[in-house]
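Student: sequence and predicted structure, then a few things I'm wondering about:
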Amino acid sequence: MVVPDNLQYTEEHEWLDTEGDIATVGITAFAGSALGDVVYVELPEVGARVNAGERCGEVESTKSVSDLFAPVDGEVTEINDALENEPELVNTDPYGAGWLFRVRFLESRTLMDAAAYRAFSEQEN
């Protein structure tokens, strides 16, 4: 399973790539594999306020529907419009073109590094 070392991770199998006070958010390859083929993604609206740990969207696959949870408190600054027509990018390129949204966060939360996430994911199997 691919787990890039430069990202941070949540127990909800989301990843964050932070640059300054902006975090790009996506779901991990582990989550994409567990979900199966993604067919629809509901994302928060640009300008929406999100709170860490609270639902902010959902990912629908051929197997199930799963909630997206905000990994940090902040304001959504951008969503990945490409997912409207190509939701499968979440499966095929989860750490690249399959990113979900960007959020200007107020304060960083303690998240897992890649090594901790690998160990966590292995326990989930």
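Tutor: Alright, I've got the coordinates.

Student: distance of residue 118 relative to residue 93?
Tutor: 20 Å (Cβ to Cβ, to the nearest Å). Glycine gets a C-beta too; all of them are placed from N, C-alpha and C.

Student: residues of stretch 63-75 that come out buried?
Tutor: 66, 68-74 (16 or more other Cβ atoms under 10 Å).

Student: cross those against strands and list the overlap.
Tutor: For the buried residues of stretch 63-75, membership in strands holds for 66, 68-69, 74, with DSSP state E as the criterion.

Student: now render these as a markdown table, adding pLDDT.
Tutor: Formatted as a markdown table, these follow (pLDDT from 0 to 100):
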| residue | pLDDT |
| --- | --- |
| 66 | 94 |
| 68 | 96 |
| 69 | 95 |
| 74 | 96 |
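
Student: what about residue 98, which SS state?
Tutor: Put simply, residue 98 is coil when judged by DSSP: H, G, I helix; E, B strand; the rest coil.

Student: switch the ones in strands among the buried residues of stretch 63-75 over to CSV; also include distance to residue 28.
Tutor: Shown next, in CSV, are those (distance: Cβ to Cβ, whole Å):
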residue, distance to residue 28
66, 12
68, 12
69, 13
74, 20
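
Student: can you name the residues bridging to residue 55?
Tutor: As for beta bridges, residue 55 partners with residue 69 under DSSP bridges.

Student: ok, it - contacts?
Tutor: The contact partners of residue 55, by Cβ atoms under 8 Å, 6 or more residues apart in numbering, come to 67-70.

Student: the strands in the chain, which residues?
Tutor: Going by DSSP E, the chain shows strands at 8-9, 14-19, 22-27, 38-42, 49-50, 55-61, 65-69, 74-79, 101-105.
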